[in-house]
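Q: following is a predicted model, sequence given first.
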Amino acid sequence: MKAGSSLTSGLTIAVLAAALILAGYGAAIAVGGAGGKTVSTTTVISTTTAGTNSSSSSPFVLTLVIATNSVYNSTEGQQPAYFVLGPSGLQSSANISLPANRLIKLVIVNYDDGNATLEVPNDNVVSGTTNGTIFVASNDNINSSQGASGIVVKGGQNLSSVPVADVAHTFTVPSLNLNIPVPTSSTVVAYFTVSKSGTYLWFCETSCGDAPMSTRGWMTGSLVAS
């Protein structure tokens, strides 16, 4: 894992643009089958969370951001970390709260442009999501040189697995049989449901540094469903 690697400002804007559009990626998936240095939290919050979690009939939106320039300490230096994008900006991922027995729409915005070795074979395969797929838009799907707004999102693809060489991180919850491989420099949308209240351990299944992998709020933590 390239700890401390950062994307260019153009790619940062492009990935955020994909996040804005994918966060609104409609119920069609749910029903039909389916680090940069700067994070513009105000724009993303208003698009991905405002007004979307008030009704139990709509998916509960959980947005996670993988940043690369977080300083673990003076010895370990910069390490990648998961954050929750909440009402007041980026928050710790040590305890992630979500409702039980309700469709969850998980959006992961990954700023890490380096791949990593999988700790467990086959963790590049999606499991536990609606129809066993995720929707992925990477920098290959984004063209920021055309269009009136200067940003054109050409689309993405539904995947049941990610090529091993392209995996940067995973979001894995063994107790829920949930595994979401996250490609480099990408935005991922996945749908799943936690059918029982409880506290579940989540972690990343790639080799992204001993310190963050074993520290809550970095590459591991609790998923609290109630």
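A: Thanks, I have the structure now.
Q: next, the buried residues of the helix or strand containing residue 80.
A: Taking DSSP states H and E as the criterion, residue 80 maps to strand 77-86. Neighbour counts over strand 77-86 (16 or more other Cβ atoms under 10 Å) mark 78-85 as buried. (C-beta placed from N, C-alpha, C; glycine too.)
Q: and if you look at stretch 150-157?
A: Buried residues in stretch 150-157, counted by 16+ other Cβ under 10 Å: 151, 153, 156.
Q: so among those, where is pLDDT lowest?
A: The pLDDT minimum for the buried residues of stretch 150-157 sits at residue 153, where the score is 70.
Q: quick one: that one and residue 142 touch, right?
A: Yes: at 5.8 Å, residue 153 counts as touching residue 142 under the criterion of Cβ atoms under 8 Å.
Q: could you look up the SS state of the closest residue to residue 95 other than its chain neighbours?
A: Spatial nearest neighbour of residue 95, excluding adjacent residues (Cβ to Cβ, 6 or more residues apart in numbering): residue 222 at 5.0 Å. For residue 222, the assignment made with DSSP: H, G, I helix; E, B strand; the rest coil gives strand.
Q: burial measure for residue 222, as a count.
A: By other Cβ atoms under 10 Å, the residues close to residue 222 number 18.
Q: narrow the buried residues of stretch 150-157 to those in strands?
A: Counting by DSSP state E, the buried residues of stretch 150-157 place residue 153 in strands.
Q: residue 123 against residue 169, yeah?
A: No: at 10.3 Å, residue 123 does not count as touching residue 169 under the criterion of Cβ under 8 Å.
Q: how far off centre is stretch 212-226?
A: Remark: stretch 212-226 is offset 14 Å from the chain centroid, using Cα atoms, centre = their mean, to the nearest Å.
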